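J.: This is a predicted model, with the sequence first.
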Amino acid sequence: MDLEVDKVVRDFTDAELRGDVDWLARALTDDFVLVGPGGIRDRNDFLDLFRRSIITTCTSADHARLSFKGEPLETDTRTTMVMVRTPDAWRVASILSTALPF
């Protein structure tokens, strides 16, 4: 991945984790669209989720050693969870896990 693009992805994730609506607003295009489990949201709807603290993300880097069908398997992944606050609790809306190169 291009280093500049990689930095934007990391900065975007960090801004989501901090709930930094100002940074997110600067990063999104005017015609930004989010397509997710809650339907289609435009730029203002997306930013409003963070303003009202009803959406958050959590990102982790994981290293796992396990066996699959009796064979050893070692993997590095980056996992991002998106959580939405409902009236009764925080609920997981999506999980994206991506293998990292060794």
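T.: Sure, I can see it.
J.: Run through the bridge partners of Arg65.
T.: Counting by DSSP bridges, Arg65 is bridged to Glu74.
J.: number of nearby residues for it?
T.: As a burial measure, Arg65 scores 8 neighbours (other C-beta atoms under 10 Å). For glycine as for every other residue, the C-beta is placed from the backbone atoms N, C-alpha and C.
J.: do the one 5 residues further on as well
T.: Around Gly70 sit 5 other residues, with neighbours defined as other C-beta under 10 Å.
J.: go on, Leu49?
T.: Leu49, neighbours per other C-beta under 10 Å, totals 19.
J.: got a list of what the closest residue to it other than its chain neighbours touches?
T.: Distances taken as C-beta to C-beta, 6 or more residues apart in numbering put Ile55 closest to Leu49, at 3.9 Å, once the chain neighbours are dropped. For Ile55, the contact set (C-beta atoms under 8 Å, 6 or more residues apart in numbering) comprises 49, 82-85, 93.
J.: same thing but 7 Å
T.: 49, 82, 84 (C-beta atoms under 7 Å, 6 or more residues apart in numbering).
J.: Just give me the closest of those to Glu4.
T.: Ranked by distance to Glu4 (C-beta to C-beta), those are led by Val82 at 24.5 Å.
J.: Just the pLDDT for Phe32.
T.: Per-residue pLDDT puts Phe32 at 92.
J.: What does the closest residue to it other than its chain neighbours show for phi and psi?
T.: In this structure, Phe32 finds its nearest non-sequential neighbour in Arg43, 4.1 Å apart by C-beta to C-beta, 6+ apart. The phi/psi pair for Arg43 (degrees, to the nearest 10) reads phi -60, psi -50.
J.: what about Arg43, neighbour count?
T.: 16.
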